[in-house]
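S.K.: have a look; sequence and predicted model below, questions after that.
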Number of protein chains: 2
Amino acid sequence: MAYELYYWPEIQGRGEFVRLALEEAGAKYVDVARRPAKAGGVPAMMRLLDGVEVKHPSFAPPFLRSGKLLIGQTANILLYLGARHALAPSNEAGRLWTHQLQLTIADLVGEVHDTHHPIASSLFYDDQRAEAQRRTADFLTSRMPKYLRYFEGVLARSGGRYLAGRQLTYADLSLFQVVEGLRYAFPKATARLEKKIPRVVDLHRAVAGRPRLRAYLGSERRIAFNELGIFRHYAELDG
Amino acid sequence: MAYELYYWPEIQGRGEFVRLALEEAGAKYVDVARRPAKAGGVPAMMRLLDGVEVKHPSFAPPFLRSGKLLIGQTANILLYLGARHALAPSNEAGRLWTHQLQLTIADLVGEVHDTHHPIASSLFYDDQRAEAQRRTADFLTSRMPKYLRYFEGVLARSGGRYLAGRQLTYADLSLFQVVEGLRYAFPKATARLEKKIPRVVDLHRAVAGRPRLRAYLGSERRIAFNELGIFRHYAELDG
């Protein structure tokens, strides 16, 4: 039975981390909210978010239906998919380590979001531009290098090309997506930093070259980056 | 063998979510960074954060040593402890659901932190007071009610007093801590909201009354809230 993924249809957003895992696994899935309203659409997603009969409602998309399970929170979905599709080590230590890395990526993604929305998600970017300038300056000079150098250090000691060693995990797919997003949002700052994190750049290249991923990235299923998502390009912010 | 918890010694912070689980479980643990430097202290913590010989370094505290495992990220530590100390359901659906709730609490905690640090963690509060006023206003009128009403809805359909039903989980301990923290940081706004979330208030009371937790909360092991931690009281922010 196909998985059902529920996420906002216009953006990559957090749903993209789940899509990459499903695509790399070659899993069958329906991207429900991207279908026409009569076959799903956003109304179908909202019913599962708000419905009083839903036993395990999510606070926000993405969430995934797998048989009787309805699973929310990006990292939690990946924990589940990682075990089912060999996208994480099967031993406890490796499973926990992969999840720890994913949660650190989630923290980074949250900080990326707040570069353009430091005051409130409910306001437009234009209503918080001055604050976004200040926050982004700190992000580009302090936080982004700290995170990416951390992952560079993890790769340096992993014993393989990937974060957890020689085996690809969902955390690698997510780090690939982070590099993609940072290149889109902050091309200048990211290009400068990439000179100092060769292992992260190599991991990005390795993931991009995997056959299923390459096919996905060239397909219409891959939504383009835009200024509604998490990774947004505002030239004035890219220092 | 006792667990070793590593976290900043002056604050509850994210480490407190781990402490509550260890205390409720009656587990033996050493709070390493709170010991004198010759028996641990912050230097011992920094060696595990930065040491090149550390195979699985954390991006930030807290992290937990359990035998050969070194586990970082608060929610990941709780995932591990939950399975070992019956602080989560043993079936897959319940385990994932509890973790999903914990990750949503983690998102809320991150937003609480950013009420007083909307621009940069590296700056003082006084250097971002104007932005903090704006962000906190949105948090108190929009985000905090949205999160706590979500948990109220989860409790309404759980079939028990606790988030996942009749059995206490680590997510309940964490929600207790969130209520404690919000009462400290924003007493006026929290008192108003509590009238609309009776089940959350009842859960807080139930957790506070558990014998091991009650003993812990009255002990010197419980660090007091203060203006170095995540939940800070600045009267000017409490609308």
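M.R.: Looks like it arrived, so ask away.
S.K.: surely residue A:146 forms part of a helix?
M.R.: Yes. Counting by DSSP: H, G, I helix; E, B strand; the rest coil, residue A:146 is located in a helix.
S.K.: since we're on it, how many residues are nearby?
M.R.: 13 (other C-beta atoms under 10 Å in any protein chain shown). (Glycine included, C-beta is placed from N, CA and C.)
S.K.: separation between it and chain B?
M.R.: Using C-beta to the nearest C-beta, to the nearest Å, residue A:146 is found at 8 Å from chain B.
S.K.: please apply the same query to residue A:36.
M.R.: Using C-beta to the nearest C-beta, one obtains 29 Å as the distance from residue A:36 to chain B.
S.K.: repeat that for residue A:89.
M.R.: In terms of C-beta to the nearest C-beta, residue A:89 sits 12 Å off from chain B.
S.K.: show me where chain A has its helices.
M.R.: Along chain A, counting by DSSP state H, helices occupy A:15-25, A:41-50, A:74-84, A:92-116, A:129-138, A:144-156, A:170-185, A:187-194, A:198-208, A:211-217.
S.K.: what's the helix or strand of chain A with the lowest mean pLDDT packed up against?
M.R.: In chain A, no helix or strand scores lower on mean pLDDT, DSSP states H and E than helix A:41-50, which sits at a mean of 94. Applying 3 or more C-beta pairs under 8 Å, 6 or more residues apart in numbering or on different chains; DSSP states H and E, one finds that helix A:41-50 contacts strand A:3-6.
S.K.: follow-up on the earlier one: touching the least confident helix or strand of chain A from outside, list them.
M.R.: With contact meaning C-beta atoms under 8 Å, 6 or more residues apart in numbering or on different chains, helix A:41-50 is reached by A:6-9, A:32-33, A:35, A:37, A:54, A:57-58, A:60-61, A:63, A:65, A:70.
S.K.: okay, angle between that helix and helix B:144-156 too, please.
M.R.: 70 degrees (axes from the mean of the first three to the mean of the last three C-alpha atoms, to 10 degrees).
S.K.: hmm, back to that, what is the lowest-pLDDT residue among the contacts of helix A:41-50?
M.R.: The lowest pLDDT within those belongs to residue A:37, which sits at 86.
S.K.: the residue nearest to residue A:147 when sequence neighbours are not counted: neighbour count?
M.R.: Nearest-residue entry for residue A:147: residue A:108, 4.6 Å, with adjacent residues in sequence omitted and distances by C-beta to C-beta, 6 or more residues apart in numbering or on different chains. Neighbour count of residue A:108, defined by other C-beta under 10 Å: 24.
S.K.: surely residue A:108 is in contact with residue A:178?
M.R.: Yes. If you go by C-beta atoms under 8 Å, residue A:108 and residue A:178 touch, sitting 6.4 Å apart.
S.K.: shared neighbours of the two, anything?
M.R.: Counting by C-beta under 8 Å, 6+ apart, nothing touches both residue A:108 and residue A:178.
S.K.: if we can go back for a sec, contacting residues around the residue nearest to residue A:147?
M.R.: Counting by C-beta under 8 Å, 6+ apart, residue A:108 has contacts A:143, A:144, A:147, A:178.
S.K.: nearest to chain B, of the residues you listed?
M.R.: Taking C-beta to the nearest C-beta as the measure, chain B lies nearest residue A:147 of the contacts of residue A:108, at 7.2 Å.
S.K.: comparing the helices of chain A by mean pLDDT, which bottoms out?
M.R.: Lowest mean pLDDT within the helices of chain A: helix A:41-50, a mean of 94.
S.K.: output that helix as PDB, restricted to C-alpha atoms.
M.R.: C-alpha atoms of helix A:41-50 as PDB (Å, rounded to 0.1, in the frame of the first residue of the first chain):
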ATOM      1  CA  GLY A  41      -5.800  18.500  -1.900                       C
ATOM      2  CA  VAL A  42      -5.300  20.800   1.000                       C
ATOM      3  CA  PRO A  43      -8.800  20.200   2.300                       C
ATOM      4  CA  ALA A  44      -7.900  16.500   2.800                       C
ATOM      5  CA  MET A  45      -4.800  17.600   4.800                       C
ATOM      6  CA  MET A  46      -6.800  20.100   6.900                       C
ATOM      7  CA  ARG A  47      -9.300  17.400   7.800                       C
ATOM      8  CA  LEU A  48      -6.500  15.300   9.300                       C
ATOM      9  CA  LEU A  49      -5.000  18.300  11.100                       C
ATOM     10  CA  ASP A  50      -8.200  19.500  12.700                       C
END
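S.K.: next, the buried residues of it.
M.R.: Using 16 or more other C-beta atoms under 10 Å in any protein chain shown as the test for burial, helix A:41-50 gives A:42, A:44, A:45, A:48, A:49.
S.K.: try stretch A:68-81
M.R.: Those would be A:70, A:71, A:72, A:73, A:74, A:75, A:76, A:77, A:78, A:79, A:80, A:81, for stretch A:68-81 by 16+ other C-beta under 10 Å.
S.K.: list the contacts of that stretch.
M.R.: A:14-15, A:17-18, A:21-22, A:25, A:27, A:48, A:54-66, A:87-88, A:95, A:99, A:102-103, A:106, A:170, A:174, B:75, B:92-93, B:96, B:99-100, B:103-104.
S.K.: just the endpoints, please. Distance across it?
M.R.: Stretch A:68-81 has its terminal residues 15 Å apart, counting by C-alpha to C-alpha, to the nearest Å.
S.K.: mind checking the end-to-end distance for stretch A:190-201?
M.R.: Stretch A:190-201 has an end-to-end distance of 11 Å (C-alpha to C-alpha).
S.K.: oh sorry, the question was meant for stretch A:159-171
M.R.: First-to-last residue span, stretch A:159-171, C-alpha to C-alpha: 16 Å.
S.K.: for it, buried residues please.
M.R.: Buried positions in stretch A:159-171, judged by neighbour count with 16+ other C-beta under 10 Å: A:161, A:162, A:163, A:164, A:167, A:168, A:169, A:170, A:171.
S.K.: quick check: the farthest pair among those residues?
M.R.: Largest separation among the buried residues of stretch A:159-171 by C-beta to C-beta: A:161 and A:170, giving 15.5 Å.
S.K.: check the gap between residue A:206 and residue A:21 for me.
M.R.: 16 Å (C-beta to C-beta, to the nearest Å).
S.K.: more neighbours, those two?
M.R.: residue A:21 (26 against 15).
S.K.: my guess is the more buried one contacts residue A:82. True?
M.R.: Yes. Judged on C-beta under 8 Å, residue A:21 makes contact with residue A:82 at a distance of 7.3 Å.
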